[in-house]
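**Student:** Fold the following and give me the result.
(chains A, B and C, ligands or ions: 2)
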Amino acid sequence: MVVVSASKSPVVAAESLTKKYKDFAAVDGISFEIAQGESFGFLGPNGAGKSTTMRMVGAVSTRTSGSLSVVGLDPNNYGPEIRSQLGVVPQADNLDTELKVRDNLIVYGRYFGLSRSYLGPKADELLEFAQLKEKAKERIDDLSGGMKRRLTIARALINDPRILLLDEPTTGLDPQARHILWDRLFRLKEQGTTLILTTHYMDEAEQLCDRLVVIDKGKIMAEGSPAALIRKYSTREVLELRFGSEHNAAAAKKVEGLGERIEVLPDRVLIYSDNGEATLQKVTETGLNPITSLVRRSSLEDVFLRLTGRSLIE
Amino acid sequence: MSELAASTTETPDLESAKAKALAAGVKPRKYGGWYVAEHRLLSMRTYLQTMVATGVGTPLLYLYAMGVGLATLVDADQGQGLDKVSYLVFVAPALICSAALTTATEEFSYPIMLGFKWNPTFFGMNSAPLEGGQIINGVTYSVLFRLVAQSIVYYLFMLLFGAIPSPLGWLSIFAAVATGTALGTMLMAYASRLEEDKGQFNYIMRFGVIPLTLFSGTFFPLTALPVWLHWIGWISPLWHGTELSRVFAYGYSEPIWLTVTHVVYLVALTAIGWWLARRIAVRRLNK
Amino acid sequence: MTALDSRQTPKVSRPFLLPSLYAGNARSVMQRGVLATASTNWLIVVSGFFEPVFYLLAMGIGLGSFIGTVELPGGQPVPYAAYIAPALLAVAAMNGAIFDSTWNVFFKMNFGKLYDGMLATSLGPFDVALGEIMLALARGFVYACGFMIVMQVLGLNLSWMAILALPSVLLIAFAFASFGMGITSYMKTFQQMDWINFIMLPMFLLSATFFPITVYPTALQWVIQAMPLWHGVELIRGFTTGAIDAATPWHVLYFAVMIVLGMTLTTRRLKALFLK
Ligand SMILES: Nc1ncnc2c1ncn2[C@@H]1O[C@H](COP(=O)(O)OP(=O)(O)O)[C@@H](O)[C@H]1O
Ligand SMILES: [Mg+2]
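**Tutor:** Ligands and ions are numbered 1, 2, ... in the order given. Below you'll find the model as predicted:
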């Protein structure tokens, strides 16, 4: 499922990309292209193969088969060259706890062969960007989770990367820390940095991605912009009904045919329809009395549910 | 990316992106190992105080305790020490090697586990342009630097104690460093493979390094051990290093082929360990 | 820790001493330690026994063949192996006690967060401290017994009084452990912990372990004699060689005072140690 999205040639292009661990295919023949300046997401549950894909794109993991090119080069032969153009934010922070905050940036910049005289001001600029200026002399262990994440992003920017790879950038952060991070990432996007990110949060994907692929068990399930995916795989609105866990299944039978589609989950019944309020009206007319009812806009969660029959976060 | 690259806003096409990447890869490919060494030395700064204290305290204490204190007993009993020289002259070339061995054991074990596992900075380096082999090189350079510095200080103390009669004595520095790297790079290869710390380094210390320190002709000639224990010396980098060190420090007489064997053995072990560690690191980083 | 039936009220008999810090249940802390040791790293623990034995074989027997005999302070000549064996026993007691009360406690405190869990129960910090010390002593005692057997086999116990070396080991270890724990309460970083080795190394090398202190200038002799390890070495050597003299009670007294001071310090610092 190759989708050529832009007129320019893509900065990342993968064709039947596969990674096997022994016999198990963690990434199973996926194809995608990412254009310069685009913000591209991999959405999928834990174990879907997101990190594995990111590591292959990051030129630190050798693919088993298929083809892959990053900035026009093959990672098998041009690892250092490709990585010189990337900023990487791994799923687990690997900041050097033996060094102070600012030294972390400078030392990392040295790996790219950048000079100290260049790195000093650059580090200060990035600390400012990451809102960590007052923490420059602190030890890593004294930073909060959100601060560490921001520092990791600042570190990834030390070489003015063409492409920023972010593996679950906000997992484990509190809502406030997430919003600060999104704001920073949005600025980078505005400045024209190509963002490639993985997430299992729909709101994050909706906020940050121009385009995304939904992946599950190493395979691409769907591809498109968040809005297009919702349009294609879901309805405008969703009515969520709770009848109590004993009665959900029975109630679902009675409301059959009311919406475009019905999904029965252990704790609730979802009715997909373009007008949730109207559907709710019909439900009450059948004489059913849900304990709670909620009308909401459709989200990527619903897309995922539709595609795989499972919730994204289990 | 070069300093000039600043933040250009236009999106250059693929060809120029490629050219830029190729240009940016040159320096890291060439000097990557040195960047890692620079990083390691910067980290060592945190331990500078203790390192200097060890570097100065160890030779002072050991040379005094063994070369002066214990020597009174040995020299009194043997008339003129061991191997026709005073006990101080006999034991000092061994002490410098043993100190290098201890430092190498430390620097090539836990920091490697740290970088791969506890604080996986090696993965961070690898997601920057550096390659696994360069990371291992960098660690080795930095430890070499520390070993050389430490052994020079040790050598100066040996001079001060009057433990070096031979003008070639300064070559003991080489013997000591080679002793350290011979065992150290092997240990580094092992540590690179290690997924879980179940106290393996403790075993290595207790059943490896300590017995080697004690039974490698360090405090008394290997020949004093029963014949069936001599193999410990033959395989021990410390024995080879110590014998070599003695040849340099006081002209200990042994057949020239044996001296050559010491050098070859130490250099070979260093090279094999280094090579193995690089291979293992590359494989481990490429998940 | 002992399993408590949920309906059974735990017996918490607050002892007279230190009621806010001590629940009189150091035993359970010690039992946990024994279980943890048995299930995870018993081999490492066993391996600790070999270190002094290696030293004894190398220095006592190997190097000893180039030394012959050494004169005790009283003038009595003993074989070199018999001279250093008791010293190695004292050193082992010191090393074990210091390791358990400093590095081990430091790790558990800063990384394992083990104590937080313990102190969330009815246990007080004094229970934890005492439990850890007792565990260290138990372990040290087992090592000491093993080493004494080795000495006996090698014929290095020159007197029936050698048996008194065992309680001496406990005394020495208790003194070092109580002090070590107090000192650890001031430690914040690895680098600071490293300095502990800098006090141990000169003690190990210079406290009449490998040669008599008479080789030193008088001033240095005084310094060494102020150090605890020298007293430990002399005390045990007196028993194993049978050369006890008027100094023996003084050595015992030295450690008794050290225990009192160490426990006072540790108790004062308990809150800093465990209640972070
Ligand atoms: N080094 C590895 N060895 C073996 N299996 C692996 C390895 N890395 C990942 N996997 C497996 O590959 C699958 C995909 O993992 P990953 O890419 O980390 O998923 P995600 O990031 O989407 O959660 C998982 O089932 C994981 O267990
Ligand atoms: Mg992942």
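**Student:** For residue C:46, give me the pLDDT.
**Tutor:** In this model, residue C:46 is scored at 75, pLDDT.
**Student:** same check, this time on the one 10 residues further on
**Tutor:** We have a pLDDT of 94 for residue C:56.
**Student:** how many other residues sit next to it?
**Tutor:** Residue C:56 has 24 neighbours, counted by other Cβ atoms under 10 Å in any protein chain shown. Any C-beta I mention is one placed from the backbone N, CA and C, and that applies to glycine too.
**Student:** Name the SS class of it, please.
**Tutor:** helix (DSSP: H, G, I helix; E, B strand; the rest coil).
**Student:** For the stretch 51-200 of chain C, which residue gets nearest to ligand 2?
**Tutor:** Closest contact between the stretch 51-200 of chain C and ligand 2, by Cβ to the ion, is at residue C:111 (25.9 Å).
**Student:** mind checking how far that residue is from chain B?
**Tutor:** 10 Å (Cβ to the nearest Cβ, to the nearest Å).
**Student:** same thing with residue A:157?
**Tutor:** 10 Å.
**Student:** So that residue is in contact with residue A:86, correct?
**Tutor:** No - contact criterion Cβ atoms under 8 Å: residue A:157 and residue A:86 do not qualify, at 10.8 Å.
**Student:** so what's residue C:255 up against?
**Tutor:** Shown in contact with residue C:255 (Cβ atoms under 8 Å, 6 or more residues apart in numbering or on different chains): C:171-172, C:174-175, C:228, C:231-232, C:235.
**Student:** repeat that for 7 Å
**Tutor:** C:171-172, C:175, C:231 (Cβ atoms under 7 Å, 6 or more residues apart in numbering or on different chains).
**Student:** Adding distance to residue C:34 and neighbour count as columns, could you present those residues in CSV?
**Tutor:** Formatted as CSV, those follow (distance: Cβ to Cβ, whole Å; neighbours: other Cβ atoms under 10 Å in any protein chain shown):
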residue, distance to residue C:34, neighbour count
C:171, 22, 22
C:172, 22, 33
C:175, 22, 26
C:231, 30, 25
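**Student:** Show me the two of the residues you listed that sit farthest apart.
**Tutor:** Greatest spatial distance in the contacts of residue C:255: C:171 and C:231, 10.1 Å, computed using Cβ to Cβ.
**Student:** So for residue A:157 and residue A:86, which residue has more residues nearby?
**Tutor:** The neighbour comparison of residue A:157 against residue A:86 (other Cβ under 10 Å) goes to residue A:86, with 25 against 22.
**Student:** Pretty sure that one sits against residue A:166.
**Tutor:** No - using Cβ atoms under 7 Å as the test, residue A:86 is too far from residue A:166 to be in contact (11.0 Å).
**Student:** ok now do residue A:159, which residues does it touch?
**Tutor:** By Cβ under 7 Å, 6+ apart, the contact list for residue A:159 reads A:84, A:87, A:109, A:112, A:114, B:1.
**Student:** for those residues, which one is nearest chain C?
**Tutor:** Closest approach to chain C among these (Cβ to the nearest Cβ): residue A:109, at 26.5 Å.
**Student:** Next, residue C:211: secondary structure please.
**Tutor:** With three-state DSSP as the basis, residue C:211 sits in coil.
**Student:** Now do the same contact list for it.
**Tutor:** So residue C:211 contacts B:69-70, B:72-73 (Cβ under 7 Å, 6+ apart).
**Student:** Including secondary structure and neighbour count, could these go into CSV?
**Tutor:** Below are the contacts of residue C:211 laid out as CSV (DSSP: H, G, I helix; E, B strand; the rest coil; neighbours: other Cβ atoms under 10 Å in any protein chain shown):
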residue, secondary structure, neighbour count
B:69, helix, 20
B:70, helix, 23
B:72, helix, 14
B:73, helix, 24
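**Student:** can you give me the offset of the helix or strand hosting residue C:133 from its chain's centre?
**Tutor:** Secondary-structure element containing residue C:133, defined by DSSP states H and E: helix C:125-153. Centre-to-centre, helix C:125-153 and its host chain are 7 Å apart (Cα atoms, centre = their mean, to the nearest Å).
**Student:** for stretch A:221-229, same thing?
**Tutor:** Per Cα atoms, centre = their mean, the centroid offset for stretch A:221-229 relative to its chain is 13 Å.
**Student:** likewise stretch B:128-142?
**Tutor:** Its chain's C-alpha centre lies 16 Å from the corresponding centre of stretch B:128-142 when counted by Cα atoms, centre = their mean.
**Student:** What distance do you get for whichever residue of the stretch 151-287 of chain B sits closest to ligand 1 to residue B:121?
**Tutor:** Nearest residue of the stretch 151-287 of chain B to ligand 1: residue B:287, at 4.2 Å (Cβ to the nearest ligand atom). Using Cβ to Cβ, to the nearest Å, residue B:287 is found at 16 Å from residue B:121.
**Student:** okay, those two: which has more neighbours?
**Tutor:** Using other Cβ under 10 Å, the more surrounded residue of residue B:287 and residue B:121 is residue B:121, with 26 against 13.
**Student:** backbone phi and psi for the more buried one, please?
**Tutor:** Per-residue torsions, residue B:121: phi -70, psi -20 (degrees, to the nearest 10).
**Student:** Next one: it from residue B:79, what distance?
**Tutor:** Counting by Cβ to Cβ - residue B:121 and residue B:79 are separated by 56 Å.
**Student:** secondary structure class for the residue of the stretch 1-150 of chain B found nearest ligand 2?
**Tutor:** Here the stretch 1-150 of chain B gets closest to ligand 2 at one residue, residue B:123, 13.7 Å apart by Cβ to the ion. At residue B:123, secondary structure determined by three-state DSSP is helix.
**Student:** Give me the below-cutoff pLDDT ranges for chain B.
**Tutor:** Residues of chain B that meet the criterion pLDDT under 70 lie in B:1-12, B:80-81.
**Student:** about what we covered before: now for the helix or strand just after the helix holding residue C:133, which elements pack on it?
**Tutor:** Proceeding N to C from helix C:125-153, the next assigned helix or strand is helix C:165-184, under DSSP H and E. Helix C:165-184 sits against helix C:80-101, helix C:103-107, helix C:125-153, helix C:228-241, helix C:248-268, with contacts defined as 3 or more Cβ pairs under 7 Å, 6 or more residues apart in numbering or on different chains; DSSP states H and E.
**Student:** Can you mark which positions in the fourth one are buried?
**Tutor:** The reference is to helix C:228-241. Using 16 or more other Cβ atoms under 10 Å in any protein chain shown as the test for burial, helix C:228-241 gives C:228-241.
**Student:** Chain A: which of the residues you listed is nearest?
**Tutor:** Among the buried residues of helix C:228-241, residue C:229 lies closest to chain A (Cβ to the nearest Cβ), at 33.3 Å.
**Student:** how much space between the closest one and residue A:27?
**Tutor:** In this view, residue C:229 and residue A:27 are 61 Å apart by Cβ to Cβ.
**Student:** Send me stretch A:286-300 as PDB with only the CA atoms.
**Tutor:** These are the backbone C-alpha positions of stretch A:286-300, laid out as PDB (Å, rounded to 0.1, in the frame of the first residue of the first chain):
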ATOM      1  CA  THR A 286     -37.300   1.300  22.300                       C
ATOM      2  CA  GLY A 287     -37.800   1.300  26.100                       C
ATOM      3  CA  LEU A 288     -34.200   0.700  27.100                       C
ATOM      4  CA  ASN A 289     -32.800   2.600  30.000                       C
ATOM      5  CA  PRO A 290     -29.000   2.900  29.900                       C
ATOM      6  CA  ILE A 291     -27.300   3.700  33.100                       C
ATOM      7  CA  THR A 292     -25.200   6.300  31.400                       C
ATOM      8  CA  SER A 293     -25.100   7.600  27.800                       C
ATOM      9  CA  LEU A 294     -22.600   9.700  26.100                       C
ATOM     10  CA  VAL A 295     -22.400  11.200  22.600                       C
ATOM     11  CA  ARG A 296     -19.000  12.000  21.300                       C
ATOM     12  CA  ARG A 297     -17.100  12.700  18.100                       C
ATOM     13  CA  SER A 298     -15.500   9.700  16.500                       C
ATOM     14  CA  SER A 299     -11.800   9.300  17.100                       C
ATOM     15  CA  LEU A 300      -8.900   7.200  15.900                       C
END
